[in-house]
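[1] Sequence first, then the predicted structure:
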2 protein chains.
Amino acid sequence: MGKWYRDFGPEGDVVLSTRIRFARNIKEYPFPFRLDEDKKKELNSRIKDAILSDNENMSFIEMESVPAFQTVSLAERHLISPEFAGPSKAKALILSDEEDISIMLQEEDHLRIQAMEAGLNLEKAYEKAEKIEKDIGMVLNYAFDERIGFLTQCPTNLGTGMRASVMLHLPALTKRGLISKLSSTVSKLGLVIRGAFGEGSQPGGDIYQVSNQITLGISEKEAIFNLDSIVKQIISQERNARKELIENEDYLDSIFRAYGILKYARKLTSNEFMKLISLVRLAVAEKIIDIDIEKINAMIPDMQPATVNVRNSAILDAEERDKLRAKEVREILE
Amino acid sequence: MGKWYRDFGPEGDVVLSTRIRFARNIKEYPFPFRLDEDKKKELNSRIKDAILSDNENMSFIEMESVPAFQTVSLAERHLISPEFAGPSKAKALILSDEEDISIMLQEEDHLRIQAMEAGLNLEKAYEKAEKIEKDIGMVLNYAFDERIGFLTQCPTNLGTGMRASVMLHLPALTKRGLISKLSSTVSKLGLVIRGAFGEGSQPGGDIYQVSNQITLGISEKEAIFNLDSIVKQIISQERNARKELIENEDYLDSIFRAYGILKYARKLTSNEFMKLISLVRLAVAEKIIDIDIEKINAMIPDMQPATVNVRNSAILDAEERDKLRAKEVREILE
């Protein structure tokens, strides 16, 4: 399992992780939505050879062979997009053993190359993604236009094809009701703030991802610099809001109640778990509760429904899963 | 402080304590509501002498000298009736050091002699109350009629003047919604079931008192035998209901959540405390949670609002008191 979602990285009190994603397509092939199954498989095989020849510790997975609950778990752990978890033939995934590199084949584009890092670390994530991108580019020709840049199925990715995103834990700004204001501010700066699972998803556990929107007429470096600066401002706002909030005795009370419930409950839905863990994570980050924060970080994906199933090699009904989740959480917090 | 409300007595899983109360009046004096202040004081003084000459470890307290918050605490600890806590001159209290004997002077009657015991122990409580009653009877003449028995201001106490009552913790019967049925059953048997603080009080913490209603045409022994038998049936019903309830996973979940909140909350109102401690007391009695049950028993009176103030020698506002209560509860459960 990946360390990137567990480790305490730079600015780890607020930033869970960083991700760089490149959308790429191969010149000789139509975009996936116009590509038939055989051609997709042929292309997948070529991409696989291009990557695996140069990169050990990578696995090629045909998505058809993955049971549905495991597919959903991959999405819960942000290794694939929620869309990629849906049914459609000839999709494949190339995944590093550390789960810090994941390449979706035949998602919206032929290739979605992703690299993840713990905390705020855009540069390192960029380097890792770029290395994979170059390895493939040595063997296959990317669809590229001198004037526009990389060609992608959706025009919003044209140009760099790069989406840089940072996963932020913003309980204090959420509590203060400042997210919608933040959202409209960052959108003016070419960024977007969303729930942890992308467009339209609920910000469970007060976790948000902030990412660049603009890929055209801007270099990767500029986009990353821009995102990095704005994220640092958000971090600073969140920290200030936390300082105020932890002086509030009702809030402290709700933190400790959350901790008490997590330590003792016999049943926890994933929604409740996310609400409670958000309060506890803030307290741990602010050194109000003394637990290894990496334990908390790891629980966030680990306690998602399908991931609970996968870890226990069983498809449990909601009731059984809520009991098992509570048991596992108790054991971790003991 | 008294041990009777803390100790685990007979049938202590369900029964908190037993109380015997005698209503008595002195022949030569009108009932309190027709007695003037000077006469009350004169009578009090005579009663005081009658008791204190024969009983060491007893204190005579003029209620006028007791600050209001301490008076309320006495009522919270069931050492006086809630009515006795109200303002009115020339009331006095004689209290044993162990707080297991309490004699209210100039309540509704000249004398309300009470003896308390842990658990279900009507006989022992009766013996203690009877000893005091006889000691006073050696010196002063009780208002007594050969045909009716002891004379009391309210006709409901005429005859034996005895009220025997048992404090029961009935979380399972409450949860099952069986209290109102129980109430109508026991009333047919000459008993009454009420909240812990008597007539009209809410059964906070699922604590009820069951007591005899009939004092006329029945001997003390019969009344006690009757109460004892019916209480034993209620105990048996409660135990059966508990056995079922603790098999219910949602109920177990609520028990452990209650425990988690008590162990970690930073603020607890007395209402919430009573709800939570009731769940935890059941779990402790049923050996689901391993804590000394006497700690739990002691907390029930100790965490009442005025008693928190008295213990901390301060009149705290509700907010401060809720914080202090939570702190004390945490320390006890640590």
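    Arrived safely.

[2] hey, where'd the strands end up in chain A?
    Using DSSP state E, the strands assigned to chain A run over residues A:15-24, A:58-62, A:92-96, A:101-105, A:111-118, A:144-145, A:149-150, A:162-169, A:191-195, A:207-212.

[3] what about A:Asn44, distance to chain B?
    A:Asn44 sits 46 Å away from chain B when distances are taken as Cβ to the nearest Cβ, to the nearest Å. The C-beta positions use only the backbone N, C-alpha and C, and glycine is treated the same way.

[4] what about that residue, neighbour count?
    Using other Cβ atoms under 10 Å in any protein chain shown, A:Asn44 has 21 other residues around it.

[5] Assess the claim that A:Ala125 and A:Gly119 are in contact.
    No: counting by Cβ atoms under 8 Å, A:Ala125 sits too far from A:Gly119 to count as a contact (10.2 Å).

[6] Neighbour count: the two, which is higher?
    Neighbour count, other Cβ under 10 Å: between A:Ala125 and A:Gly119, A:Ala125 has more, with 27 against 21.

[7] How about the contacts made by that one?
    By Cβ atoms under 8 Å, 6 or more residues apart in numbering or on different chains, the contact set of A:Ala125 is A:18-20, A:115-117, A:164.

[8] Now for A:Ala125 and A:Gly119: what residues contact both?
    With Cβ under 8 Å, 6+ apart, A:Ala125 and A:Gly119 have common neighbours A:Thr18.

[9] if we take the contacts of A:Ala125, which one ends up nearest to A:Lys39?
    Sorting the contacts of A:Ala125 by distance to A:Lys39 puts A:Ala115 at the head of the list, at 27.2 Å, by Cβ to Cβ.

[10] A:Leu262 versus the closest one, what's the distance?
    32 Å (Cβ to Cβ, to the nearest Å).

[11] One more: A:Ala75?
    Separation of A:Ala75 from A:Leu262 (Cβ to Cβ): 24 Å.

[12] Just the buried ones from the contacts of A:Ala125, in ChimeraX syntax?
    Selecting only the buried entries of those in ChimeraX, with 16 or more other Cβ atoms under 10 Å in any protein chain shown as the criterion:
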select /A:18,19,20,115,116,117,164
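
[13] can I get the contacts of A:Ala125 in TSV with distance to chain B and pLDDT?
    Below are these laid out as TSV (distance: Cβ to the nearest Cβ, whole Å; pLDDT from 0 to 100):
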residue	distance to chain B	pLDDT
A:Thr18	33	97
A:Arg19	35	97
A:Ile20	40	98
A:Ala115	39	98
A:Met116	34	97
A:Glu117	34	97
A:Ala164	39	97
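
[14] Adding distance to B:Tyr208, write the contacts of A:Ala125 out as CSV.
    Formatted as CSV, those follow (distance: Cβ to Cβ, whole Å):
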residue, distance to B:Tyr208
A:Thr18, 60
A:Arg19, 59
A:Ile20, 65
A:Ala115, 65
A:Met116, 59
A:Glu117, 61
A:Ala164, 64
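
[15] From the contacts of A:Ala125, pick the one nearest B:Asn44.
    A:Thr18 (80.2 Å).

[16] Look up which residues are beta-bridged to that closest one.
    Note on A:Thr18: beta-bridge partners by DSSP bridges are A:Glu117, A:Val166.

[17] you'd agree it is up against A:Glu123?
    No: between A:Thr18 and A:Glu123 there is no contact under Cβ under 8 Å: 9.1 Å.

[18] give the contact list for the nearest residue to A:Gly9 once chain neighbours are set aside.
    Nearest-residue entry for A:Gly9: A:Gly119, 1.9 Å, with adjacent residues in sequence omitted and distances by Cβ to Cβ, 6 or more residues apart in numbering or on different chains. A:Gly119 makes contact with A:7-12, A:15-18, according to Cβ under 8 Å, 6+ apart.
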